[in-house]
Structure formats: C-alpha cells, structure tokens
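Quick one, fold the following:
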Amino acid sequence: MSAPRRRSTAPTLLALSAAVAILLAVVVVRLAGGDDPRTGSPVAAPVADGVVVEVPDARGRRLIEAYARRIGAEDRPAVRALGQAVVVRVRPRRADVLVRAGGRAARFSRADDPRLQAFVARALGG
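Next up, the predicted model:
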C-alpha cells in the first residue's frame, strides 16, 4: 500500500500571489493618481521629475500651458516620459498657484509671475 498522495499547493499559492499583486497595484494607482483637468478622469501615472502646476482657473491653465509650449515642456507622452513635462491641473478651490517639482514646492499669487517661470525653468534644468 502506498502513502496517500499530497495535493499540490502551487495553484493556491499562485492565485493568492496574483490577488495580492492586483491589490497592491490598485492601492498604488489610487495613491499616485490625480485628476486630468481636461477630462476630469483619474490620471494613474505621476510625473517623474517633471513639474506639476496647480492653478485656480482656466486662465491660469492657459498661461502655464503657453509658457510650457514656449520652453518645449508641453504635457505630451514623450516629454512626460523624459520627466521634462509641465503638467497643469485646475484646482478651483485654490486661491494661489502651487508648483511642485523634484520634492520642492512653491506658491505664487499669479500664474504669470516671473518667479514662477524661473522656478519651473530651474526645476527642468534650465
């Protein structure tokens, strides 16, 4: 008489590992996400070493996007992948303009403030 055959736990461990990986991915996406100002939908990928500018209104967004175009830092996938994009997010409840780049942040009263442009240029290596 042979010994009873043991059931393999590999399928169970594989399913458990997959579930944990999916759960971690969902948590990371939720924590890293923001809002796309053009569509209002969540943005899963954060800007890696780029610049994020939060403005209170559409006028501020237009000013910052025009500046970003002038310096070649438009928010396009290729530029974003290089970490050189200026990403503009409209936050209507803001009274000021917040600029975040490389672990640093600065607040400005207006989107057309020359000091804001200098901060962005320094953050992008200019």
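
Next, the contact list for I71, please.
86, 120-121, 124, 126 (CB atoms under 8 Å, 6 or more residues apart in numbering). The way it works is simple: take the backbone N, C-alpha and C, and place the C-beta from them, glycine included.

Give me the lowest-pLDDT entry from the residues you listed.
The lowest pLDDT within these belongs to G126, which sits at 70.

got a list of what it touches?
I71.

Which pLDDT value belongs to the closest residue in space to S109 that isn't next to it in sequence?
Among residues not flanking S109 along the chain, D96 sits closest, at 5.7 Å (CB to CB, 6 or more residues apart in numbering). Looking at D96, its pLDDT is 94.

give me phi/psi at D96?
Main-chain dihedrals, D96, degrees, to the nearest 10: phi -130, psi -170.

distance of it from E54?
Per CB to CB, to the nearest Å, D96 is found 9 Å from E54.

do P114 as well
19 Å.

Please tell me which one of the contacts of I71 counts the most neighbours.
V86 (26 neighbours; other CB atoms under 10 Å).

Go ahead and confirm it touches A66.
No - if you go by CB atoms under 8 Å, V86 and A66 don't touch, sitting 10.5 Å apart.

so who does the nearest residue to A58 once chain neighbours are set aside touch?
In this structure, A58 finds its nearest non-sequential neighbour in V90, 6.6 Å apart by CB to CB, 6+ apart. V90 sits next to 37, 54-58, 60-61 when contact means CB under 8 Å, 6+ apart.

make it 7 Å
If you count contacts by CB atoms under 7 Å, 6 or more residues apart in numbering, V90 has them with 37, 55, 57-58, 61.

so which of the contacts of I71 comes closest to A106?
V120 (9.5 Å; CB to CB).

how about the strands of the chain, start to end?
34-35, 42-43, 51-55, 86-90, 97-101, 104-108 (DSSP state E).

Who are the packing partners of the third one?
Secondary-structure packing of strand 51-55 (3 or more CB pairs under 7 Å, 6 or more residues apart in numbering; DSSP states H and E): helix 58-70, strand 86-90, strand 97-101.
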